[in-house]
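1. This is the structure alone, sequence omitted:
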């Protein structure tokens, strides 16, 4: 599964730490998400989509 | 606040108690006398205890750092890593104990020394798996 977190984070001018604080996870989790090394839970995916004001499908792309 | 403090200090407290207890046990049984060339296995035990303590200190520091930055000390990924490391270390430790039983039966090594090594081995296994999954990241696979 690919995702657009890094791209959207840059667009919203957020650091990994800022995003981690907003969605309530550790910074390491954001790092692994961006690298595609971790598939988030539905709740975390939903929280991230709320931060970027788009749908889950806009951020996470299933191959 | 109390819940966070509990989450933060409890693992450190447990680790400290385990290390102190193992240390007292080793010294009382006379297996942790000052190191010389004939006491190599005891040196390994001391190194393992030191490694475990360092591991605990590392965890405590990373938790303090996260808390200071306003991040949770534990999140869904760290919980999954912990669970997976615990499961793998348990699975591997079954074989470890089989080897320990063989050593007690076949070799002339005292049972309490093998058991100490087994308990420390389980702790080391957990630490190693935790580190491996923390670095690898692909926890969903």
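-> Structure received. Quick caveat: nothing in here was measured; it's all calculated off a predicted structure.

2. burial count for residue B:57?
-> 12 (other Cβ atoms under 10 Å in any protein chain shown). No exception for glycine: its C-beta is placed from N, CA and C like everyone else's.

3. same check, this time on residue A:13
-> 7.

4. ok, the residue of chain A found nearest chain B - contacts?
-> Closest residue of chain A to chain B, Cβ to the nearest Cβ: residue A:37 (3.3 Å). Contacts for residue A:37 (Cβ atoms under 8 Å, 6 or more residues apart in numbering or on different chains) come out as B:136, B:137, B:138.

5. gap between the first one and residue B:122?
-> In this view, residue B:136 and residue B:122 are 21 Å apart by Cβ to Cβ, to the nearest Å.

6. Looking at the two, which is more packed in?
-> residue B:122 (16 against 12).

7. isn't the more buried one right next to residue B:86, touching?
-> No. Assessed by Cβ atoms under 8 Å, residue B:122 is found out of contact with residue B:86, at 10.3 Å.

8. which one's the longest helix in chain B?
-> Identified as the longest helix of chain B according to DSSP state H is helix B:76-106.

9. so does that one get close to chain A?
-> Yes. Judged by Cβ under 8 Å from any Cβ of the partner chain, helix B:76-106 and chain A are in contact via B:76, B:77, B:78.

10. By neighbours, which of these wins?
-> For the residues of helix B:76-106 next to chain A, the largest neighbour count, defined by other Cβ under 10 Å, is 25 neighbours, found at residue B:77.

11. related to what we said a few turns ago, ramachandran angles for the residue of chain A closest to chain B?
-> With angles defined as degrees, to the nearest 10, residue A:37 sits at phi -100, psi 0.

12. next one: residue B:70
-> According to degrees, to the nearest 10, residue B:70 has phi 80, psi 20.

13. Look up the closest residue to it, ignoring the ones flanking it.
-> residue A:21 (5.4 Å; Cβ to Cβ, 6 or more residues apart in numbering or on different chains).

14. which stretch of helix or strand covers that neighbour?
-> helix A:16-23 (DSSP states H and E).

15. so what does that helix touch, helix or strand wise?
-> Where contact means 3 or more Cβ pairs under 8 Å, 6 or more residues apart in numbering or on different chains; DSSP states H and E, helix A:16-23 is packed against helix A:5-11, helix A:27-35, helix A:42-51.

16. Export those as a markdown table, with columns for distance to chain B, mean neighbour count and mean pLDDT.
-> Listed next are the helices and strands packed on helix A:16-23 as a markdown table, based on distance: least, Cβ to the nearest Cβ, whole Å; neighbours: other Cβ atoms under 10 Å in any protein chain shown; pLDDT from 0 to 100:
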| stretch | distance to chain B | mean neighbour count | mean pLDDT |
| --- | --- | --- | --- |
| helix A:5-11 | 14 | 15 | 94 |
| helix A:27-35 | 4 | 21 | 92 |
| helix A:42-51 | 6 | 16 | 95 |
